[in-house]
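J.: sequence and predicted model, in that order:
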Amino acid sequence: MSHNDNSKQILYITLLVTLISVAGIALPYPVLAPLFDAGTSPLTQFMGIPKELLFGIVLGIYPLGIIIGGSFIGALSDHLGRRKVLTYTMFGSAISYGLTGFAVVSQSFVLFCLARLITGICEGNIAIARAIAADLHPKIDKTHSFSLISAMGYGGYLLGPLIGGQLASAGIEVVFYCAAIACLMCTFICYGLLPSNLDQKVENAEKGSSLILLKDAPLRRFFLVYLMLTLGVNIYYEFYPLWMVQDLDYGPKGISWSTIFLTSCMIATSVLINPKITNKMSHATAALLGMLLFSGALASVPFMSATNFLVSFALIGAGIAIYNGFLPAYISTAYEHKGQGQLMGMLVTIFCLGNVFAAVIGSILSLYSVYWALMFGAVIVSLAIALFFHGHFKAVLWQTPSSTIPQDSK
């Protein structure tokens, strides 16, 4: 896809849209765990189902929607154009967030879950931002742009919980209405500021959804590794708020400030540390470093107290930022002949499949103890590390010259 001399403009607008939209996604983050832990709202009392399982359903229904959306939205943008599909799906997110707020007011658990499902389908568009970043290569190095997009995503997870935690006292529905406004802003930005040349069709895009990539055996192996990795990461994301509520007696504001600290570490790593790693390590080695850092730090969380858990959170944030900066760039370079919307859409689909599995497995394990959920996350990431190490260094399944040497040697 040709972008002439407006590559930086496209990247900056994409970063802004990512920041605002992810902030909207993250707004409700600090309110759900305390809501379901208290169990006093009609939303937490449905058909006599234990509140822990209802919490798991609410956590899982949203990424289930993203699985559906991610399986075709990225591929659709390869054929209809990034700008057009991004604009339409952002508007859909705005409408569905408004519906979620209405579900809270009407105290309907079914409508709440349906609205979260629709929101998730629309927000499968997160694949488009990474596809745009891949399209801009080599004018803008994809590792650099992936790291910046990740940093903006982390920034959204910093702003969203901060605002959501402060708005919680005004009513949970207000949090969702504000998320709708944020997505509506992104709709106007996409339509008005992104250049029309982003609506060009990608020449090498295959027809069909992102699921067609599963026909490739080495890619199936990579997606298994990515599924195991994201399962562990999502168990951490979804259940550390519950750990903080139960073990540290934290409320929405405490969770939001801890999340702000976590995401600040991610942003700092993406912006300051990843560029230095780029010049010293291959994509594969850097991704392994990030995964190892995350796995080890996650294993330590259940044993931390209110005075030292931030050390683990800082290392977790750094590990996530490192592997998020290098692993997508690694597979994008190894399969640069594929439609990047389709490829990034598959990564989003796998990530959210891991999210659903995390909600199910984590909620079951948390019936016994949230400690078991967090430790399971650390173990499954360790298995992902072993499979990735074997696949890259031993079996050489995904290796290409340009993806395995440091950037300064290219």
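T.: Good, I have the coordinates.
J.: chain center to the host helix or strand of I267: distance?
T.: Using DSSP states H and E, I267 maps to helix 252-268. Centroid separation for helix 252-268 versus its chain: 15 Å, with Cα atoms, centre = their mean, to the nearest Å.
J.: then stretch 297-314?
T.: For stretch 297-314, the distance to the chain centre is 22 Å (Cα atoms, centre = their mean).
J.: nearest spatial neighbour of F393, skipping sequence neighbours?
T.: A284 (7.5 Å; Cβ to Cβ, 6 or more residues apart in numbering). For the C-beta atoms, the positions are set from N, CA and C on the backbone; glycine is no exception.
J.: thinking again about what came up before, list the buried ones in the helix holding I267?
T.: 252-256, 258-260, 262-268 (16 or more other Cβ atoms under 10 Å).
J.: ditto for stretch 360-380
T.: 361-363, 365-366, 370-378, 380.
J.: now the angle from whichever strand or helix holds N234 to helix 252-268?
T.: Secondary structure assignment for N234, by DSSP H and E: helix 217-247. With axes from the mean of the first three to the mean of the last three Cα atoms, to 10 degrees defining the directions, helix 217-247 sits at 140 degrees from helix 252-268.
J.: packing partners for helix 217-247?
T.: When contacts are defined as 3 or more Cβ pairs under 8 Å, 6 or more residues apart in numbering; DSSP states H and E, helix 217-247 packs onto helix 29-38, helix 51-70, helix 252-268, helix 283-300, helix 309-334, helix 340-366, helix 370-389.
J.: between those helices, which one is closest to G164.
T.: helix 29-38 (5.3 Å; Cβ to Cβ).
J.: tell me what that closest one is packed against?
T.: helix 51-70, helix 142-167, helix 172-193, helix 217-247, helix 252-268.
J.: kindly format the C-alpha coordinates of the helix or strand following the last one as PDB.
T.: Going back to what we said before, that points to helix 252-268. Once the chain leaves helix 252-268, the next helix or strand it forms, by DSSP H and E, is helix 274-278. Provided in PDB are the C-alpha atoms of helix 274-278 (Å, rounded to 0.1, in the frame of the first residue of the first chain):
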ATOM      1  CA  ASN A 274      12.500  -1.100  23.500                       C
ATOM      2  CA  PRO A 275      14.500   1.200  21.100                       C
ATOM      3  CA  LYS A 276      17.700   0.300  23.000                       C
ATOM      4  CA  ILE A 277      16.800  -3.500  22.800                       C
ATOM      5  CA  THR A 278      16.100  -3.100  19.100                       C
END
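J.: and helix 274-278, how far out from the chain's middle?
T.: 21 Å.
J.: what's near enough to touch G254?
T.: For G254, the contact set (Cβ atoms under 8 Å, 6 or more residues apart in numbering) comprises M244, L248.
J.: what's the answer for Y97, then?
T.: G24, A115, T119, F176, Y177, A179, A180, C183.
J.: tell me the confidence at the fifth one?
T.: To tie it back to what came earlier, the one meant is Y177. On pLDDT, Y177 comes in at 90.
J.: spatially, which residue comes closest to it, not counting chain neighbours?
T.: G101 (4.5 Å).
J.: next one: the fourth one
T.: For F176, ignoring the flanking residues on the chain, the nearest one in space by Cβ to Cβ, 6+ apart is G101 at 3.7 Å.
J.: quick one, what contacts V360?
T.: G56, G60.
J.: whoops, I128 was the one
T.: Per Cβ under 8 Å, 6+ apart, neighbours of I128: I73, G74, S77, R82, V85, L86, G341, M344.
J.: give me the below-cutoff pLDDT ranges for the stretch 301-410 of the chain.
T.: Within the stretch 301-410 of the chain, the stretches with pLDDT under 70 are 399-410.
J.: next: the stretch 151-300 of the chain.
T.: 202-208.
J.: apart from its chain neighbours, what residue comes closest to N125?
T.: N125 sits nearest to T89 (Cβ to Cβ, 6+ apart), 4.0 Å away.
J.: and the one you found, what pLDDT?
T.: For T89, the model assigns a pLDDT of 91.
J.: okay, now it: neighbour count?
T.: 26 (other Cβ atoms under 10 Å).
J.: and the residue nearest to F393, how far from S150?
T.: 18 Å (Cβ to Cβ, to the nearest Å).
J.: of those two, who's got more company?
T.: For the pair A284 and S150, the greater number of neighbours falls to S150 (27 against 21), based on other Cβ under 10 Å.
J.: correct me, but that one touches T269?
T.: No - with contact defined as Cβ atoms under 8 Å, S150 does not count as touching T269 (9.2 Å).
J.: shared neighbours of those two, anything?
T.: A321.
J.: contacts only, for the residue nearest to G156 when sequence neighbours are not counted.
T.: Spatial nearest neighbour of G156, excluding adjacent residues (Cβ to Cβ, 6+ apart): V22 at 2.7 Å. If you count contacts by Cβ under 8 Å, 6+ apart, V22 has them with I126, M152, G153, G155, G156, Y157, G160.
J.: sorry, back to before: put together JSON lines for the contacts of Y97, with neighbour count and distance to Q166 on each row.
T.: Formatted as JSON lines, those follow (neighbours: other Cβ atoms under 10 Å; distance: Cβ to Cβ, whole Å):
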{"residue": "G24", "neighbour count": "30", "distance to Q166": "15"}
{"residue": "A115", "neighbour count": "25", "distance to Q166": "23"}
{"residue": "T119", "neighbour count": "30", "distance to Q166": "22"}
{"residue": "F176", "neighbour count": "29", "distance to Q166": "15"}
{"residue": "Y177", "neighbour count": "21", "distance to Q166": "14"}
{"residue": "A179", "neighbour count": "29", "distance to Q166": "14"}
{"residue": "A180", "neighbour count": "21", "distance to Q166": "17"}
{"residue": "C183", "neighbour count": "27", "distance to Q166": "19"}
